[in-house]
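1. Sequence and predicted structure, then a few things I'm wondering about:
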Amino acid sequence: MSQVKNGDKVKVHYTGKLEDGTVFDSSREREPLEVTVGSGNLIPGFENAVIGMKVGEIRTITIEPEDAYGQWRKELTANVNKSEFPEGLEPSIGKQLQLKQNDGRFIDVIITEMEDDIVTLDANHPLAGKTLIFEIELMEVA
């Protein structure tokens, strides 16, 4: 039975948890994730964990922020006056928005704080700064 190597197309089932046991994502209730190893479509820690696995193998791995979504960065937050929001858009904590940048690309942000007329927008990935624990089961190697 061959082991996964860079360039292999694989199908995996996974469950991702935070250190407190909270499940943030799982493929168990849907089709397995299909991806080419080494394509850069996975966080580095997940991709590295799949390398060397055999079909049917299950691994539980812990991924530090540096090999996941990076550290949380203050410079990816901004305070905006509530009056700058489009008419009819009522900001609230937890609301997710897409902002158009000067170069035409969009960036996802979440409202994390509101104080008086100041709204804090955070463009960090929601899992930035978090240690992630994944259970990965290799289903298939193509």
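-> Received, thanks. Worth saying up front: this structure is predicted, and the values here are computed from it rather than measured.
2. Please parse the protein into its domains.
-> The record's domain parsing of the chain by automatic domain parsing lists 9-70+127-141, 75-122.
3. By mean pLDDT, flag the weakest helix or strand of the chain.
-> Using mean pLDDT, DSSP states H and E, the weakest-scoring helix or strand in the chain turns out to be strand 96-100, at a mean of 92.
4. Mind listing residues that contact that one?
-> For strand 96-100, the external contacting residues (CB atoms under 8 Å, 6 or more residues apart in numbering) are 106-111, 121. C-beta coordinates here come from the backbone N, C-alpha and C atoms, glycine included.
5. Tell me how far that strand lies from the chain's centre.
-> Mean-position distance between strand 96-100 and its chain equals 17 Å (CA atoms, centre = their mean, to the nearest Å).
6. can you check stretch 42-51 too?
-> The chain centre lies 13 Å from the centre of stretch 42-51; the measure is CA atoms, centre = their mean.
7. Kindly export that stretch (C-alpha atoms) in PDB.
-> The C-alpha trace of stretch 42-51 is given here as PDB (Å, rounded to 0.1, in the frame of the first residue of the first chain):
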ATOM      1  CA  LEU A  42      -4.500  23.400   2.500                       C
ATOM      2  CA  ILE A  43      -2.900  25.000   5.600                       C
ATOM      3  CA  PRO A  44       0.700  23.800   5.800                       C
ATOM      4  CA  GLY A  45       0.300  21.700   9.000                       C
ATOM      5  CA  PHE A  46      -2.700  19.800   7.500                       C
ATOM      6  CA  GLU A  47      -0.900  19.200   4.200                       C
ATOM      7  CA  ASN A  48       2.300  18.000   6.000                       C
ATOM      8  CA  ALA A  49       0.200  15.600   8.100                       C
ATOM      9  CA  VAL A  50      -1.300  13.900   5.100                       C
ATOM     10  CA  ILE A  51       2.100  13.200   3.500                       C
END
